[in-house]
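> Here is a sequence with its predicted model. Questions after.
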Amino acid sequence: MRIKVIVNPAARKGRSGRNWPARAAKLEAAAGAFDVAFTEAPRHATELARQAVADGFDTMVAVGGDGTVNEVLNGLLDGDAMANPDLTLCPLPAGTANELARQLGILEGDLAIDAIAGGTRSHIDMGRVRCTGFDGQPRTHHVFISGSFGSAAEISYRTNNSKVIKKLGAEFSYYIVTLLVMIGYKPTPLTVRVDDHFEATIPVHSGLGCNTETAGGGMKIAPGAKIDDGLLDLVLFKDVGAADLLLKPPSWLFEGRHIEHPEVQLIQGRHIEIDGPSEIMVDADGETVGRLPMVLDVLPGTLPVKRL
């Protein structure tokens, strides 16, 4: 292995950077020598990953949260495939949300380091989000968690772009923005198509095309979703009242009980199309990438990872 480590030192309020020296010593002891680079700005990890591919590294370790892992992923691709068939993406969880590590069973302790050093290389599914970028041009972004639209994308956008609210901390700022968005966000009629077995124009509050069962730090958004079944799980929050979203206990989402609501629907498929007003935002693994219309496809078995 030629290992390149890309560290986001700002992840989890700077804990990633503060904890890195100790983790670096453990990683070197387990896996041998490696090269390291530190991100300096949003999307810098994508640039660093592309350069690492050009320099011949084949094992890419992303130290941070899901945002960092996604940036690294998008720097490893040539179209819909790895730029080099020998590439492997290895998350080393150090962020607020670490869903890829959770799904691979390497979230706790030093399991991720063990996987990097001696785990099994396997392939999981990846999603491809296509939408209209904010510049009006077509935008493509690849994901391992989900592509979302509606209020979920609006919450992500406002949280990431509010310098004042973000000073309150990631968890609290997300909660505040969620309240603000939910109070004023109304379901909008959208046309939803899934493969050739579902098509309807219905009021939708929010939707997430999920590759993983959990998102956002362990919320079971798509109960039963699997990262290697060749399918996406589209969770539609249709005409759900604000009170239903705001007054439920946290267990509603963390235990996946929202699926029991009559206005929440789960549809599996390989190809998802969402048409609607152009002001509705689209999000890809926590990054707001554009607006509707949106097309989300699963790319089965295209993402090589390490697991125990």
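That came through, no problem.

> Can I get the longest helix anywhere in the chain in PDB, CA atoms only?
The helix that spans the most residues within the chain, counting by DSSP state H, is helix 15-31. Extracted C-alpha coordinates of helix 15-31, given in PDB (Å, rounded to 0.1, in the frame of the first residue of the first chain):
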ATOM      1  CA  ARG A  15     -10.800  17.900  17.900                       C
ATOM      2  CA  SER A  16      -9.700  16.200  14.700                       C
ATOM      3  CA  GLY A  17      -6.600  18.300  14.600                       C
ATOM      4  CA  ARG A  18      -5.900  18.100  18.300                       C
ATOM      5  CA  ASN A  19      -6.200  14.300  18.300                       C
ATOM      6  CA  TRP A  20      -4.300  13.700  15.100                       C
ATOM      7  CA  PRO A  21      -0.700  13.400  16.600                       C
ATOM      8  CA  ALA A  22      -1.800  10.400  18.800                       C
ATOM      9  CA  ARG A  23      -3.800   8.800  16.000                       C
ATOM     10  CA  ALA A  24      -0.900   9.300  13.500                       C
ATOM     11  CA  ALA A  25       1.400   7.400  15.900                       C
ATOM     12  CA  LYS A  26      -1.100   4.500  16.100                       C
ATOM     13  CA  LEU A  27      -1.600   4.500  12.300                       C
ATOM     14  CA  GLU A  28       2.100   4.400  11.600                       C
ATOM     15  CA  ALA A  29       2.700   1.600  14.100                       C
ATOM     16  CA  ALA A  30      -0.100  -0.500  12.500                       C
ATOM     17  CA  ALA A  31       0.200   0.300   8.800                       C
END
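
> what does that helix rub up against?
With contact meaning CB atoms under 8 Å, 6 or more residues apart in numbering, helix 15-31 is reached by 1, 3, 5, 7-11, 34, 36, 38, 61, 63-64, 92, 94-95, 110, 113-114, 116-118. The C-beta positions use only the backbone N, C-alpha and C, and glycine is treated the same way.

> how about 6 Å then?
The contact list for helix 15-31 (CB atoms under 6 Å, 6 or more residues apart in numbering) reads 7-9, 64, 94, 113, 116-117.

> Rebuild the residues you listed as CSV, extending it with distance to D233, pLDDT and neighbour count.
Converted to CSV, the contacts of helix 15-31 look like this (distance: CB to CB, whole Å; pLDDT from 0 to 100; neighbours: other CB atoms under 10 Å):
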residue, distance to D233, pLDDT, neighbour count
V7, 32, 98, 24
N8, 28, 97, 26
P9, 34, 97, 17
G64, 25, 96, 28
A94, 27, 95, 25
I113, 30, 98, 21
I116, 29, 97, 24
A117, 32, 97, 19
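
> I'd like to know which of the residues you listed are part of strands.
Of those, the ones assigned to strands by DSSP state E are 7, 64.

> pLDDT of the next helix or strand after the longest helix of the chain, averaged?
Following helix 15-31 in sequence order, the next helix or strand is strand 35-38 (DSSP states H and E). Per-residue pLDDT values over strand 35-38 give a mean of 98.

> partners of strand 35-38, with directions?
Taking DSSP bridges as the criterion, strand 35-38 forms sheet pairs with strand 3-7 (parallel).

> quick one, the partner strand and helix 15-31 angle?
Counting by axes from the mean of the first three to the mean of the last three CA atoms, to 10 degrees, strand 3-7 lies at 170 degrees to helix 15-31.

> Next, the residues that contact strand 3-7 from outside, please.
20, 34-38, 45, 48, 52, 57, 59-63, 72.

> roughly how far is that strand from the heart of the chain?
Here strand 3-7 is found 19 Å from its chain centre; the criterion is CA atoms, centre = their mean, to the nearest Å.

> Could you do stretch 78-93 as well?
In terms of CA atoms, centre = their mean, the centre of stretch 78-93 is found 15 Å from the chain centre.

> Would you mark the buried spots in that stretch?
Neighbour-count burial for stretch 78-93, counted by 16 or more other CB atoms under 10 Å, picks out 82, 87-93.

> Please identify which of the residues you listed is nearest to V305.
The shortest gap between V305 and any of the buried residues of stretch 78-93 belongs to L89, at 5.6 Å (CB to CB).

> Low-confidence regions, the stretch 51-200 of the chain specifically.
162-176, 178-179 (pLDDT under 70).

> Show me the strands in it, by range?
For the stretch 51-200 of the chain, applying DSSP state E, counting those that start in this stretch gives strands covering 59-64, 77-78, 81-82, 88-93, 120-132, 138-143, 146-150, 188-194, 198-204.

> Out of the ones you listed, which is closest to R307?
Closest to R307 of the strands of the stretch 51-200 of the chain is strand 120-132 (CB to CB; 5.9 Å).

> Sweet, I'm off.
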